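*Asks:* Give me a 3D structure for the following:
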Amino acid sequence: MPPETGTPGTAWTWGTVRLVGGPSPWQVWPLRADSIRTAWQEAGSDALTLGLGEAWRSGPGGFAELLALLETHPDLVAFGSPGWPGDARPAGAWVVPEWVWQGDAQGQSGTWQWQGKVLSDESRPDWTVRALASADVLLQTGPRETAADGPRWVRPHALQGKDRFLAGARRVLTQLAGDGLAKVVLSRDITLRAEAPVDPWAVFRGMARRAADSHRMAWQEPGAAAWLAASPERLCSWSGASFVTEALAGTAVRTQGSEALGDLDRPAAQAEQGVVQTGVRRALAGLVIDLREDTPSPVAWQGLVHLKATLAGRLAPGTTVADLVSALNPTAAVAGWPGQEAQAWIRWLEGRPRGRYAAPFGRLTAREGMLAVGIRGVAIREQEACVTVGAGLVRGSTPEGEWAETEAKLDAVLRLLGRDA
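*Replies:* As a prediction, this is how the structure comes out:
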């Protein structure tokens, strides 16, 4: 239902109807490939939010417009992403789904909510009937349960893209030897194949089950690849004027169940964390008050260990959440520092849009919201999947060492997919 429905001058508002019970979303999802489908599950939580269809949509630059809509209609739930800045083909969008399901991850207990645009003078019984008619269509899709796991993936080429990645890393390290540029994050794609067409939502359910320490998210447009991710990194969360963000950097392989620093105490890892945390602090300058930040400490994620520091505070008077997200996206953790210069190197050396990789994605309402950084993800279309992983280069890095870091991150994503390729 587009937001401009009706004749000019028509007064519209929004209505919501909640249906307790109803079918499991996993019975509905496989049969609704004709609609946009989204998912969000915060780290450490069993609560899952799914969106189906679109009652309102804006491009990546429409975040402020969405926030204004939510402010005036506080019952609405939205999903979206500002995309990766500067991409020739922006992958960001903000959507108010027609249907939202909120409940446990197994789909056994939850609530469906219809979100629709209605005439401002339309009585509640009238648009409730319209919501129930939409619910009839939803319920008539028939019972079909989505499987809770994915296929066996095959990785055709173990060294896919290595020569290009190493050459790009050497170019960056040459620039880092001078003044100015402090960090550049290079990413690479790895293709996986399955023996038969894949249900991406079965993959998501399995990934979500294995990744309780991650922010789990999914987005699929009709006829397009499904994008799934289980990210260890929060871009920002907010409640009113209070916000929290993170500086995450450095990667080491976790051994023997230990969360010790390991080789995260090497100079390059410490320097990278310093660049990222300083970059976040500078991005927030003038936008926030009462900023607090803790000392970086190791945090375990899916067989890896990263350094993480949390920064929290309040938005300064006159600053909006849209200002906050714009300032933070992308952070030095996934782009580099200084941001504009690092992004120019990324566009040149990677040679393709990043799409949803490393772009924020999340769920929000009028009262609160959260965006995670879209890393440790996979794009799935039919029998093929594309995993994108990256590594941050700073002074003291080595090309082979950064290649090894991308391999470690790839291994972690493969474990999330449930099969070693």
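
*Asks:* what's next to the helix or strand of the chain with the lowest mean pLDDT, contact-wise?
*Replies:* Least confident helix or strand, the chain: helix 124-139 with a mean of 73, by mean pLDDT, DSSP states H and E. Applying C-beta atoms under 8 Å, 6 or more residues apart in numbering, the set of residues contacting helix 124-139 from outside is 15, 17, 19, 22-23, 28, 52, 98-99, 112, 114, 116, 118. C-beta coordinates here come from the backbone N, C-alpha and C atoms, glycine included.

*Asks:* Now for those: which two are most distant?
*Replies:* Distance extremes for those: the farthest pair is 23 and 118 at 24.5 Å, using C-beta to C-beta.

*Asks:* Which of these two has more residues huddled nearby?
*Replies:* Using other C-beta atoms under 10 Å as the criterion, residue 23 and residue 118 rank with residue 118 on top: 19 against 16.

*Asks:* which residues sit in contact with that one?
*Replies:* Counting by C-beta under 8 Å, 6+ apart, residue 118 has contacts 12-15, 126-127, 130.

*Asks:* go on, residue 370?
*Replies:* Taking C-beta under 8 Å, 6+ apart as the criterion, residue 370 is in contact with 42, 215, 234, 236-238, 362-364.

*Asks:* Quick check: of the residues you listed, which lies closest to residue 333?
*Replies:* residue 234 (10.8 Å).

*Asks:* Tell me how many other residues surround that closest one.
*Replies:* Residue 234 - counted by other C-beta under 10 Å - has 21 other residues nearby.

*Asks:* Once you drop chain neighbours, what's closest to it?
*Replies:* residue 246 (5.0 Å; C-beta to C-beta, 6 or more residues apart in numbering).

*Asks:* Same question for residue 177.
*Replies:* Closest residue to residue 177 apart from its sequence neighbours, by C-beta to C-beta, 6+ apart: residue 395 at 7.2 Å.

*Asks:* That neighbour sits in which helix or strand?
*Replies:* Residue 395 belongs to no helix or strand when elements are defined using DSSP states H and E.

*Asks:* how close does it sit to residue 271?
*Replies:* Relative to residue 271, residue 395 is positioned 7 Å away (C-beta to C-beta, to the nearest Å).

*Asks:* quick one: which of the contacts of residue 370 is most hemmed in?
*Replies:* residue 215 (29 neighbours).

*Asks:* Quick check: bridge partners of that residue?
*Replies:* Note on residue 215: beta-bridge partners by DSSP bridges are residue 231.

*Asks:* Identify the residues contacting it.
*Replies:* 40-43, 229-234, 362, 370, 372.

*Asks:* Mind doing that once more with 7 Å?
*Replies:* 42-43, 231, 234, 372 (C-beta atoms under 7 Å, 6 or more residues apart in numbering).

*Asks:* In helices only, show me those residues.
*Replies:* Residues of the contacts of residue 215 located in helices (DSSP state H): none.

*Asks:* which two in these are spaced the farthest apart?
*Replies:* When the contacts of residue 215 are compared pair by pair using C-beta to C-beta, the maximum separation belongs to 42 and 231, at 10.6 Å.

*Asks:* Verify the stated contact: residue 355 with residue 91.
*Replies:* Yes. If you go by C-beta atoms under 7 Å, residue 355 and residue 91 touch, sitting 4.5 Å apart.
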